[in-house]
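K.L.:
this one's sequence-less:
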């Protein structure tokens, strides 16, 4: 587990870019946190680190957006998901087990469908408006490698 306190939007962006730079094809990043915690903001920064030049928006109504970067980025937002059949209809497993990086907002809603090896980021609001507390957990060798590369002193 790694806990990081980000004191503002600039630190959040730097963290997201750094995370994006270490992510590789096949990685799955699960973002959890209440409304307004900063899941989409963090996703935008991760996208920058992955080389995405296109403006990243929340796929709240589309369920998934795809972006080109140094690897393909699949951005899921399952907040409005009414049942998991919608994900089956999309062929979600092709994304999760494909050649891109999957970023899933509200991942706790589909936890049973997610591969065991994944990076889980819980975002909590801090004491100030822009402060965020990031707790990173996960399973598997990639999670351990990413934690090692992200360990910020």
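P.N.:
Sure thing, it's come through. This one's a predicted model, so the numbers in the text were calculated from it and none came from an experiment. Numbering: from 1, shown residues only.

K.L.:
Now do the lengthiest helix in the chain: which elements does it pack against?
P.N.:
The longest helix of the chain (DSSP state H) is helix 9-22. When contacts are defined as 3 or more Cβ pairs under 8 Å, 6 or more residues apart in numbering; DSSP states H and E, helix 9-22 sits against strand 2-6, helix 39-49, helix 141-150. In this view, the C-beta of every residue, glycine as well, is placed from N, C-alpha and C.

K.L.:
Show me which helix or strand of this protein is least confident by mean pLDDT.
P.N.:
Least confident helix or strand of the chain, by mean pLDDT, DSSP states H and E, is helix 85-90 with a mean of 80.

K.L.:
what bits of the chain have low per-residue confidence?
P.N.:
Of all residues in the chain, those with pLDDT under 70 make up the ranges 152-153.

K.L.:
In CSV: the helices and strands packed on helix 9-22, plus distance to residue 90.
P.N.:
Putting those into CSV (distance: least, Cβ to Cβ, whole Å) gives the following:
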stretch, distance to residue 90
strand 2-6, 31
helix 39-49, 18
helix 141-150, 24
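
K.L.:
Would you mind measuring the gap between the ends of stretch 87-94?
P.N.:
End-to-end distance of stretch 87-94 (Cα to Cα, to the nearest Å): 11 Å.

K.L.:
which parts of the helix or strand that the least confident helix or strand of the chain is followed by are buried?
P.N.:
Per DSSP states H and E, helix 85-90 leads on to helix 92-96 as the next helix or strand towards the C-terminus. By neighbour count with 16 or more other Cβ atoms under 10 Å, helix 92-96 contains the buried residues 92, 95, 96.

K.L.:
which residue packs closest to the second one, ignoring adjacent ones?
P.N.:
Here the nearest residue to residue 95 in space, its sequence neighbours aside, is residue 74; by Cβ to Cβ, 6 or more residues apart in numbering that works out to 4.5 Å.

K.L.:
and if you look at the first one?
P.N.:
Spatial nearest neighbour of residue 92, chain neighbours left out: residue 113 (6.7 Å); criterion: Cβ to Cβ, 6+ apart.
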